[in-house]
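**Q** Below are the sequence and a predicted model for it; my questions follow.
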Amino acid sequence: MSGPVPKVLHTYQNHLLDGTRWQEFVPRDDDVVITTSLKSGTTWAQTIVAYLILGTTSVPDINTVSPWLERRVDALDEVLQQLDAQTHRRFIKSHLPLDGLPFHRQVKYIVVGRDARDVFMSLWNHHTSYQDERVAAINAIPGRVGPPLPPPQQEIHAFWRDWITRGWFDWESEGYPYWGNLHHTKTWWPYRTLDNVLFVHFNDLLVDLEGEIGRIARFLGIAYSDQTIAQVAARVTFSAMKQHADQLLPGAARVWKGGPTTFVFKGTNGRWKDVLSPEELALYAETAARVLPPDCARWLEHGRAALTF
């Protein structure tokens, strides 16, 4: 890898995130970081990588094998001990934009993107399905920076207006009450051609699952056969992941009403077309034009079919 190394410019700390926890992370030469804004296929990508790296046929407990390092609800010492004890190649989850995540040349980064309008529909289900006790627990964790996570809104159009026009952090202009969705992809976009960065799109996983698994395997330097890729693909279809959601996400019932099948919900795109008005879609277009370079906006909406890089 050559060229400038990305620098941390902002500190992301709120009700869910504490980006400073990455300062305690000691990378190994073969580590993998899987990063998305949220609701863009994070768990999907983690599960694909789990099957490729672990070589298992058993459904992985994804939060155990691939912890979310900056999540405040998990004690940092325990997460670091968990990672230190792992003898397999490590693959860590992050929702941090690149301007808040320390970048290591020896680490491989998989950046997963999705059309913001589809992200929103998935996020609406996620946000409104929180158990009341979970929201209270998130807000009660000592050391929170800034306001608490607001209680789930029950009106989707108000939630959309806030999410697409309001930032949680001063340097963001969308993503409330979490963090910037478009901003996340924007920060990674200039580094998409680095040899340790791979961009994967939700649409492409839907359209060509085996092909995208092959891309991920090649990027990670994992030898594979067509048979192996087909077997992994069969295990990570949406229906297979929903069927095994209890094994994939044990303990999810403490977080969401309906448990893990609420988290692994639809796995489809385009539901926003029946929900968002022309005026609401205009808000999206305005924000996307303000935040994203045009080629990045096209990629987020369409995936690899929109451009080649």
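**A** On my side now, so go ahead.

**Q** okay, CA-based contacts and neighbour counts for the rest of this
**A** Noted.

**Q** so where's the stretch 151-300 of the chain shaky on pLDDT?
**A** Scanning the stretch 151-300 of the chain for pLDDT under 70 picks out the ranges 252-254, 256, 258-268.

**Q** quick one: the helices in it?
**A** Listed from the start of the chain, the stretch 151-300 of the chain has helices (DSSP state H, counting those that start in this stretch) covering 156-165, 182-188, 202-207, 209-220, 226-235, 238-243, 245-248, 260-263, 278-291, 294-302.

**Q** For those helices, give me JSON lines that also has mean neighbour count and distance to residue 149.
**A** Supplementary listing: the helices of the stretch 151-300 of the chain in JSON lines, determined by neighbours: other C-alpha atoms under 10 Å; distance: least, C-alpha to C-alpha, whole Å:
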{"stretch": "helix 156-165", "mean neighbour count": "17", "distance to residue 149": "13"}
{"stretch": "helix 182-188", "mean neighbour count": "22", "distance to residue 149": "20"}
{"stretch": "helix 202-207", "mean neighbour count": "18", "distance to residue 149": "27"}
{"stretch": "helix 209-220", "mean neighbour count": "18", "distance to residue 149": "34"}
{"stretch": "helix 226-235", "mean neighbour count": "17", "distance to residue 149": "35"}
{"stretch": "helix 238-243", "mean neighbour count": "17", "distance to residue 149": "28"}
{"stretch": "helix 245-248", "mean neighbour count": "19", "distance to residue 149": "26"}
{"stretch": "helix 260-263", "mean neighbour count": "21", "distance to residue 149": "19"}
{"stretch": "helix 278-291", "mean neighbour count": "14", "distance to residue 149": "23"}
{"stretch": "helix 294-302", "mean neighbour count": "18", "distance to residue 149": "27"}
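
**Q** Backbone torsions only: list them for the residue nearest in space to the middle of the chain.
**A** Centroid check for the chain by C-alpha atoms, centre = their mean gives residue 36 as the closest residue, at 3.0 Å. Dihedral angles phi and psi of residue 36 (degrees, to the nearest 10) take the values phi -140, psi 170.

**Q** what sits against it?
**A** Each residue near residue 36 by C-alpha atoms under 8 Å, 6 or more residues apart in numbering is listed here: 42, 94, 95, 96, 111, 112, 113, 184, 185.

**Q** out of the residues you listed, which is most surrounded?
**A** Greatest neighbour count in the contacts of residue 36, by other C-alpha atoms under 10 Å, goes to residue 113: 29 neighbours.

**Q** what about the residue nearest to residue 91 when sequence neighbours are not counted, neighbour count?
**A** Counting by C-alpha to C-alpha, 6 or more residues apart in numbering, residue 32 is the residue found nearest to residue 91 once chain neighbours are left out, at 4.4 Å. Taking other C-alpha under 10 Å as the criterion, the count of residues near residue 32 is 23.

**Q** So residue 32 is in contact with residue 111, correct?
**A** No. Assessed by C-alpha atoms under 8 Å, residue 32 is found out of contact with residue 111, at 10.7 Å.

**Q** Nearest to residue 137 among the helices of the stretch 151-300 of the chain would be which one?
**A** helix 260-263 (18.6 Å; C-alpha to C-alpha).

**Q** Please report how far residue 8 lies from residue 210.
**A** Note on residue 8: its distance to residue 210, by C-alpha to C-alpha, to the nearest Å, is 35 Å.
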